[in-house]
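S.K.: dropping the sequence and predicted coords here.
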Amino acid sequence: MKRLSTQIRLSIFALLFMLPFILSAQNKLQLIDMETLAENNFKSHNYEAALPYYLKLDSIKPNIQNYIYKAGVCYLSINKNMMAIKFLERCKNFSEPHPPAFNYYLARAYHLQHWLDKAIVHYKDFIYDASGKKNKTLEQLSKRAENEIQLCKNGKELMANPVKLEVVNLGSKINSIYSEYAPVISADETELIFTSTRPNPKDKATSELKDEDVFISTKQKGQWSEPILMSSTINTTTHDASIAVSPDGQTLFLYRFDENIENPVLSSGNLYTSKLKGTTWTISERLNENINSNSWEPSASITEEGNILFFASDKPEGFGGTDLYFSRKLNDGNWDTPISLGETINTPFDDDCPFIHPDGRTLYFSSKGHNSMGGFDIFVSKYDTIHNSWGKPENIGYPISTARDDLHFVISPNARRIYFASIREEGYGNMDIYYANIENKESAKVLLMTGIVTDSLSEIPVEVTIRTKDKNKKEEVSIHTSNSSTGKYTLVLNDGKNYDLIFSSPKFGSHYENVDLTYESEYRELEKNIVLKKRDRNITMQVDDVDSNKTTSAKISIVNVDSGEEIILDEKSVNGGTYFVKLKEGNCYSIEVSKQDYVFASMKINVPTMGEESKDTIIYHLKLQPIKEGTTLLLRNIYFASNAFLPLATSYPELDRLVLFMNQNEKTSIEISAHTDNTGNPEYNLKLSEKRAKAVINYIVEKGIVPTRLKSAGLGNSKPISTGNTEEDKQKNRR
């Protein structure tokens with residue numbers, strides 16, 4: 001091999017000599033770029049994006065405190081706590097001054113790891129170092145550190161007396177590298193609905209993080225199935241989250257972020273409901289303005305009876321942060337003005353995620369106040385029925401409550417098994433769903449009653465309305481439904497009551513069951529399948545002349561409101577003004593009575609079940625008023641659209657009855673008087689009522705009635721029959 005010439009050797013030597021300087025310049029530019037990207041992301045709190053740059057910088061230029069410190073803060077912010085401690089503790093070795101907030105973040109990392117004594121030391125060190133420094137950020141952190149010290153002390157007490165249980169992750173089928181939270185469990189614990197930030201599984205083309213969506217999983221042979229993204233009636237293009245489910249499993253409560261594009265300040269999170277019809281969830285409907293407001297309403301829970309809703313809101317008049325409220329359901333199905341649960345429950349900090357146990361007396365919720373050991377802890381409060389007040393909340397205890405956020409607590413009807421969401425070091429991602437069995441806890445004194453409702457002949461599942469009644473007080477307690485596809489029903493009944501259960505169907509009438517829990521002393525489960533048979537009740541109808549108070553014959557039309565079946569009883573079937581007919585128990589019927597020279601009458605009846613009325617025959621008295629000058633007939637079922645004067649199609653049956661009345665009584669002339677409610681301008685209402693009266697007359701004339709027998713009068717809101725203060729009263733005045 002030939003030797004290299006001197007010239008070539010010198011050239012190579014020169015190149016090798018200059019190469020470190022070239023590489024050094026390139027590395028310097030790369031370092032500057034990485035530092036810029038790292039700092040920009042750190043300042044904008046995008047810690048997940050900043051972290052890789054600080055790790056790379058630390059590998060290139062080790063032992064730079066700024067890189068190590070900020071990498072530790074990034075790890076802390078993305079819930080990688082042990083890594084945060086590893087990096088922050090490296091900063092202890094530097095002789096140069098630490099960053100001003102170093103001790104706070106190190107204390108916070110120890111706190112989250114439950115090394116509480118170490119955390120207290122470093123919180124105090126931070127407060128000492130920050131004292132006297134005129135810096136708003138440090139002042140705010142100092143106040144926070146003082147509170148965190150108290151939380152650490154709370155934590156030491158709770159950890160000294162831990163709850164004897166094992167917290168178990170629901171596993172990789174439910175939890176992922178993304179966040180899973182807000183578990184909603186059916187009363188029989190066979191269905192799990194939850195919220196996740198995982199990408200939409202239908203969108204295979206991207207792994208981009210999506211808005212939160214709602215998923216469902218069912219328990220099969222003791223294992224949870226692969227979660228399925230719920231339908232578009234539940235999930236939308238915005239944030240959707242599961243909140244709660246009614247005890248019968250037929251109503252799902254949802255959170256949704258409603259964005260106001262024109263005025264973003266008015267954007268807010270609101271509560272919605274969706275009904276399960278067979279296997280399909282209906283389009284979700286927003287709760288009324290008494291629940292939803294311009295504030296943030298993130299969570300809710302409903303009682304077993306379905307008549308009280310507990311929810312969270314950050315209304316400005318609250319105690320601070322989110323507070324807990326309750327609202328009662330009105331007769332029209334809407335929710336009444338909410339009432340705060342007061343300072344016993346609410347704190348100056350965030351109070352959220354209420355869960356009212358099916359017993360109706362035990363409230364669980366998450367709070368950053370009370371004796372929390374850090375973040376949201378889970379608390380329980382019992383309602384004192386003697387003093388009508390909530391008891392002092394108690395922390396449910398470690399290891400359910402931790403120094404991290406523990407939220408969305410759900411407990412089984414027997415009060416022995418809990419489900420909740422938490423951030424824990426051993427989890428699959430940011431927040432996971434866990435469960436735990438509480439062996440030593442006294443079980444709730446409730447009955448979990450489940451079963452299938454079927455037709456006795458076809459054995460096909462039947463949808464029924466289930467009315468629960470307090471037999472002793474003769475009061476209705478709740479109304480539930482069975483599933484129309486499966487026939488499955490679920491009831492949670494509280495101790496201390498004797499229940500009458502009425503399973504009602506339009507086609508089958510009703511089935512009666514009695515469940516006496518007056519002396520119930522423990523949790524119990526009862527599987528009771530209901531087989532429905534069609535059953536008729538003997539009904540007697542007696543037509544009375546109002547003036548003479550004597551019975552008289554007439555034509556009676558009886559229509560089953562549920563099935564549409566019609567029965568006609570004419571004067572040939574009368575027995576001295578008394579009629580006999582068989583009607584299905586539990587069904588609603590519309591009754592119309594007509595007779596020449598009398599004003600026609602109408603009414604609705606609900607045929608009692610054998611459980612409600614044990615008499616073999618039920619008697620109804622139908623009143624008829626003779627026609628004479630000045631007789632008033634109130635037409636209740638005439639409907640108009642808002643600000644419109646033409647009657648809606650739903651008004652035609654009532655108008656046709658009026659036409660029949662005119663044909664039966666050819667010598668009768670009538671005046672149609674129309675009334676409005678008190679909404680709007682009185683002059684406008686007067687003209688609107690005149691138009692409505694004339695529109696009714698036009699309809700009657702088109703049916704063949706001579707116009708000379710008719711006269712119209714618009715009276716506006718001059719003759720109200722109710723106060724008009726509520727929507728129900730306004731409806732009465734629109735007649």
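M.R.: Nice, I can see it.

S.K.: drop to CA atoms for contacts and neighbour counts, all remaining ones
M.R.: Noted.

S.K.: mind checking pLDDT for residue 694?
M.R.: Residue 694 carries a pLDDT score of 88 in this model.

S.K.: can I get the helix or strand where it lies in CSV? Just the C-alpha atoms.
M.R.: Per DSSP states H and E, residue 694 falls inside helix 682-702. The C-alpha trace of helix 682-702 is given here as CSV (Å, rounded to 0.1, in the frame of the first residue of the first chain):
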residue,chain,number,x,y,z
PRO,A,682,-104.2,43.6,25.9
GLU,A,683,-105.4,45.2,22.6
TYR,A,684,-103.5,42.6,20.6
ASN,A,685,-105.0,39.8,22.7
LEU,A,686,-108.5,41.1,22.2
LYS,A,687,-108.1,41.1,18.4
LEU,A,688,-106.5,37.7,18.5
SER,A,689,-109.4,36.2,20.5
GLU,A,690,-111.9,37.7,18.0
LYS,A,691,-110.0,36.0,15.2
ARG,A,692,-110.0,32.7,17.0
ALA,A,693,-113.7,32.8,17.7
LYS,A,694,-114.5,33.6,14.1
ALA,A,695,-112.1,30.8,12.9
VAL,A,696,-114.1,28.3,15.1
ILE,A,697,-117.4,29.5,13.6
ASN,A,698,-116.0,29.2,10.1
TYR,A,699,-115.1,25.6,10.8
ILE,A,700,-118.6,24.9,12.1
VAL,A,701,-120.3,26.6,9.1
GLU,A,702,-118.2,24.5,6.7
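
S.K.: and the helix or strand just after that helix, what other elements does it pack with?
M.R.: As assigned by DSSP H and E, the chain's next helix or strand after helix 682-702 is strand 710-714. Strand 710-714 is packed against strand 670-674, helix 682-702, with contacts defined by 3 or more C-alpha pairs under 8 Å, 6 or more residues apart in numbering; DSSP states H and E.

S.K.: which residues of the stretch 101-250 of the chain score low on pLDDT?
M.R.: Applying pLDDT under 70 to the stretch 101-250 of the chain flags the ranges 201-210.

S.K.: quick one, strands of it?
M.R.: Ranges of strands in the stretch 101-250 of the chain, per DSSP state E, counting those that start in this stretch, are 167-169, 180-185, 191-196, 213-220, 223-224, 228-229, 240-245.

S.K.: in JSON lines: those, plus mean neighbour count and distance to residue 671.
M.R.: As requested, the strands of the stretch 101-250 of the chain are exported to JSON lines (neighbours: other C-alpha atoms under 10 Å; distance: least, C-alpha to C-alpha, whole Å):
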{"stretch": "strand 167-169", "mean neighbour count": "16", "distance to residue 671": "74"}
{"stretch": "strand 180-185", "mean neighbour count": "27", "distance to residue 671": "59"}
{"stretch": "strand 191-196", "mean neighbour count": "23", "distance to residue 671": "59"}
{"stretch": "strand 213-220", "mean neighbour count": "20", "distance to residue 671": "58"}
{"stretch": "strand 223-224", "mean neighbour count": "16", "distance to residue 671": "68"}
{"stretch": "strand 228-229", "mean neighbour count": "16", "distance to residue 671": "60"}
{"stretch": "strand 240-245", "mean neighbour count": "28", "distance to residue 671": "52"}
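
S.K.: could you dump those into a markdown table and include distance to residue 311?
M.R.: Shown next, in a markdown table, are those (distance: least, C-alpha to C-alpha, whole Å):
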| stretch | distance to residue 311 |
| --- | --- |
| strand 167-169 | 27 |
| strand 180-185 | 14 |
| strand 191-196 | 18 |
| strand 213-220 | 19 |
| strand 223-224 | 29 |
| strand 228-229 | 25 |
| strand 240-245 | 10 |
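
S.K.: about what we covered before: among the helices and strands packed on strand 710-714, which comes closest to residue 179?
M.R.: Using C-alpha to C-alpha as the measure, helix 682-702 is the one of the helices and strands packed on strand 710-714 that comes nearest residue 179, at 56.1 Å.

S.K.: tell me which residues of the closest one come out buried.
M.R.: Judged by neighbour count (16 or more other C-alpha atoms under 10 Å), helix 682-702 contains these buried residues: 685-686, 688-697, 699-701.
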